[in-house]
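S.K.: What follows is a protein structure lacking sequence information:
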């Protein structure tokens, strides 16, 4: 993304100086302003160039967040919430400078209510931390975006991942949350009941708001029982179309797949090379089934039959934990495996999501586009939801190549939009996709602007993300 | 609800006269102002006294809605969207007069995308109409609030019902929608992709907004495959506690029940008398299981074992369609059956929702409260979600009895709040529960007010519902 295209946020130098002075006085060394720490807090897995905050502060509790927000509000200085820095669209950049609020110190699991299948956590708890903590309860939190992200960050980008096809996204799995709003007030969006019709759905408004409306300070999450049995396997297909048709048939038959992941031929090649495996180097589906012993057998057999009808298979599946782990390690390491296809390059990871009836067409056209444009890129997808990623390997020293990759991303987004899809299924808008959001939703973006203006009239909460100034 | 306690909405008589004149000129007889039609459009299943609109208009398309909204906006006249009039908290009343917008003429099913398991409908389509239309596709729309409500109304109150425990509520089952906003602009909140991280979740904001932010003009809904097999049955328990404990155990075991409904002893008595049945007149659970032949058998057997552990049963279940229909007809007719317990009275139906760990306690205390207060009332619940209803039978000619019932409702709501629950799981706030919303969410209600003010600054969209003027 050429920096020139990012939303400009005016720098309020005087206000920033004042805030740094006040925070220094109040919190001493806890206000961190060294270059490397500031660089860390703008550095993410994104290829978008870093824009550093002026200071980093790690609050210990809600009161400290309120304090910092009130000070920043008074001096009109941006606040950028920070978790694990694994977002992909420039969410943690500080285009107008300001304070990066590092929430990783707020990592307490406040309660686990096993009978109610819920728990309440602070935003800095990561999903792996939570699942480790839950292990002895027989429960787990299903959302798995790949990275060991913080749950606050996952809520803020409306994250999902491999098993959203069965368990939903962060949207469906947060019962309620507490947040500090831009004026420093703390609010609770919902009680712990499993459903409610009480007023506007502020929980869902904060989920996916990318920190632009306030700072999430705790969340009550839905939990799932660890399935009695899990089975899984890999199934190869002669081409993309037939792999996608098998996905549609599986979903339509109502097979409650827990994961159904597409990996294209080039990515399979990378996975084999990286982990010394010998999977077929053709389009593959990685699957996982959750249920009773009988249930997972039935699901796997049903899928095997469907795969056969579309020329896929044979589908070999296993319930043996070690074999499943090996299989999913291969899938989870796909990102790193793909990077080794061209050492020294950086990966541009982008995502779109389309109705599954258009998925095959969208992936086929995208693969043709990659081939024509001479880029090196792999395709991986959470295809049960119609969501897929393209990882473009770019030489960051070659501006022409970056421009080509950006042009490809623009074509990919417009292709998804032309198929009634979205410019992002799970990564969020951040800085990278603001213009596609406008193309996708048009006038609705003005309603978002009105909400932003009403809740954050001074535009101090993560400015320059999601919403640009109105261009029309 | 004593009318004096309802939110006052100032009547803009001059504006209303102007709007009636313009609509009469533009639409002739299509603007209906007769007393009986206006009465019909304020009359609902609620016990809250009717407040009539000044005119009723049934738009044929989005352009006519935009036209009416622009006229009403210009003259600052309220618009109250109307569906089937089955809401329960005074949602369709016109406290400041204005135009009732009857959307039942907009009842086209615009598309069914079987491969994507979705369809797009206008707001006046009822859930039964939709399911009739879908019958030959092998798909169905699962949300069932009891009444044959319009889908627009169901979205607006965030409705759910008997099988939300498996399929979720309207919140989880609307992919996106189109709406006319208070300034007359038409917006689309999302494309047809199954998930998205593109900007603020305006879809969820409109769902449950009860027509106070705009008028829903179409919705894209998720569909489900009709299960290969369905089984169901009734199971009696010695007391409320053990019925609720069996529910918790069932949910915790991960049994994917499609329905798990609680009916208290008095309601069972009413059902038996109404339909000449002979169920045990003790607390009962009505259950339904969806899945493969083997799956529903396994689920029913697992539940039977759980019920046995809690002194319930024997659990007799059946896959025979006629027997299941009879069973669910009994459950669905429970409302009418209960009314016959005391002929000539009117039912006050209220709902709360608590974490299921508190459900037994909440129902037991509520039954004791009913007994102490001398009211006649039955308890029915979608207990897999912790949601239950109380139907109080009131003599509407006895102000003392109405006051007693209202005091009981207040205690019930506060009991649910004290257990970390909500004042409404599925009925919505309307006029009836505004004060409990304040008690439930406190400062978050101010954020809702800010959103309302930003989107509907003239307060013309269903004024006097959900949000009152700030009282603090």
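M.R.: Received it, and whenever you're ready, just let me know what you need. Keep in mind the model is a prediction, meaning the values are calculated, not measured.

S.K.: Provide a list of residues in contact with residue A:73.
M.R.: A:182-184, A:458, A:460 (CB atoms under 8 Å, 6 or more residues apart in numbering or on different chains). Using the backbone N, CA and C atoms, a C-beta is placed for each residue, glycine as well.

S.K.: Retrieve the pLDDT associated with it.
M.R.: In this model, residue A:73 is scored at 98, pLDDT.

S.K.: do the same with residue A:331
M.R.: 88.

S.K.: chain center to whichever strand or helix holds it, what's the gap?
M.R.: In the assignment (DSSP states H and E), residue A:331 maps to helix A:321-332. Distance of helix A:321-332 from its chain centroid, counting by CA atoms, centre = their mean, to the nearest Å, is 21 Å.

S.K.: Now do that helix: which elements does it pack against?
M.R.: strand A:229-236, helix A:265-275, strand A:284-291 (3 or more CB pairs under 8 Å, 6 or more residues apart in numbering or on different chains; DSSP states H and E).

S.K.: how about 7 Å then?
M.R.: Under the contact definition 3 or more CB pairs under 7 Å, 6 or more residues apart in numbering or on different chains; DSSP states H and E, helix A:321-332 sits against strand A:229-236.

S.K.: ok, is the helix or strand just after the strand it packs on in contact with chain B or not?
M.R.: Elements were assigned by DSSP H and E; along the chain past strand A:229-236, the next helix or strand is helix A:240-252. Yes: using CB under 7 Å from any CB of the partner chain, helix A:240-252 reaches chain B at A:248, A:251-252.

S.K.: Among the residues you listed, name the least confidently predicted one.
M.R.: Within these, pLDDT is lowest for residue A:252, at 87.

S.K.: How about that residue: what's its closest non-neighbour residue?
M.R.: residue B:225 (6.2 Å; CB to CB, 6 or more residues apart in numbering or on different chains).

S.K.: Also residue A:26?
M.R.: residue A:67 (7.5 Å).

S.K.: quick one: contacts for the residue in the stretch 201-350 of chain A that chain B sits nearest to?
M.R.: Taking CB to the nearest CB as the measure, the stretch 201-350 of chain A has residue A:204 as its residue closest to chain B, at 3.5 Å. Taking CB atoms under 7 Å, 6 or more residues apart in numbering or on different chains, we find residue A:204 in contact with A:171, B:201, B:204.

S.K.: what about 8 Å?
M.R.: A:171, B:171, B:201, B:204-205.

S.K.: Among those, which one sits closest to residue B:349?
M.R.: residue B:171 (21.2 Å; CB to CB).

S.K.: Run through the neighbouring helices and strands of the helix or strand harbouring that closest one.
M.R.: Using DSSP H and E, residue B:171 sits in helix B:170-173. Helices and strands touching helix B:170-173, by 3+ CB pairs under 8 Å, 6+ apart, are strand B:215-222.

S.K.: Strand partners (parallel or antiparallel) of the helix or strand following the strand it packs on?
M.R.: Following strand B:215-222 in sequence order, the next helix or strand is strand B:224-225 (DSSP H and E). Applying DSSP bridges, strand B:224-225 is found paired with strand B:139-140 (antiparallel).

S.K.: so the spatially closest residue to residue A:373 that is not a sequence neighbour, which of the three states?
M.R.: Distances taken as CB to CB, 6+ apart place residue A:408 nearest to residue A:373, at 5.5 Å, with adjacent residues excluded. Here residue A:408 is helix, with the state taken from DSSP: H, G, I helix; E, B strand; the rest coil.

S.K.: Next up, the contacts around residue A:408.
M.R.: Counted by CB under 8 Å, 6+ apart, residue A:408 has contacts A:369-370, A:373, A:375, A:377, A:390, A:392.

S.K.: Just the pLDDT for it.
M.R.: So residue A:408 comes in at 97 (pLDDT).

S.K.: Residue A:131 now?
M.R.: Taking residue A:131 on its own, its pLDDT is 97.

S.K.: ok, now residue A:377?
M.R.: At residue A:377, pLDDT is 97.

S.K.: Could you do residue A:2 as well?
M.R.: On pLDDT, residue A:2 comes in at 54.

S.K.: what comes into contact with stretch A:20-35?
M.R.: Taking CB under 8 Å, 6+ apart as the rule, stretch A:20-35 contacts A:38, A:52, A:54-58, A:67-68, A:71, A:99.

S.K.: Please pick the buried ones from the residues you listed.
M.R.: A:38, A:52, A:54-58, A:67-68, A:71, A:99 (16 or more other CB atoms under 10 Å in any protein chain shown).

S.K.: Pick out the most distant pair among the residues you listed.
M.R.: The widest separation within the buried ones among the contacts of stretch A:20-35, taken as CB to CB, falls between A:52 and A:67 and amounts to 22.9 Å.

S.K.: now residue A:311: how far from residue A:381?
M.R.: 19 Å (CB to CB, to the nearest Å).

S.K.: in the stretch 301-450 of chain A, which spans are strands?
M.R.: A:316-318, A:346-353, A:376-382, A:387-394 (DSSP state E, counting those that start in this stretch).

S.K.: a markdown table for the ones you listed, including mean neighbour count and distance to residue B:404?
M.R.: Output for the strands of the stretch 301-450 of chain A, formatted as a markdown table (neighbours: other CB atoms under 10 Å in any protein chain shown; distance: least, CB to CB, whole Å):
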| stretch | mean neighbour count | distance to residue B:404 |
| --- | --- | --- |
| strand A:316-318 | 16 | 62 |
| strand A:346-353 | 24 | 53 |
| strand A:376-382 | 24 | 55 |
| strand A:387-394 | 25 | 54 |
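
S.K.: picking that back up, in helices only, show me the contacts of stretch A:20-35.
M.R.: Among those, the ones falling in helices (DSSP state H) are A:38, A:67-68, A:71.

S.K.: of all the residues you listed, which comes closest to residue A:425?
M.R.: Nearest member of these to residue A:425, counting by CB to CB, is residue A:38, at 31.2 Å.

S.K.: what's the nearest residue to the closest one if we skip its chain neighbours?
M.R.: With CB to CB, 6+ apart, the residue lying closest to residue A:38 is residue A:52, at 4.5 Å.

S.K.: Need the pLDDT of the one you found.
M.R.: 97.

S.K.: That one touches residue A:37, doesn't it?
M.R.: No: counting by CB atoms under 8 Å, residue A:52 sits too far from residue A:37 to count as a contact (9.7 Å).

S.K.: So, low pLDDT: which residues of chain A?
M.R.: A:1-5, A:470-472 (pLDDT under 70).

S.K.: per-domain residue ranges of it.
M.R.: Annotated domains of chain A cover A:3-104+A:450-455, A:105-225, A:229-336, A:342-428 [automatic domain parsing].

S.K.: Please compute how far the shortest one lies from its chain's middle.
M.R.: Here the centre of mass of C-alpha atoms in domain A:342-428, compared against the chain's by CA atoms, centre = their mean, lies 16 Å away.

S.K.: next one: the longest one
M.R.: Relative to the chain's own centre, domain A:105-225 is displaced by 14 Å; criterion: CA atoms, centre = their mean.
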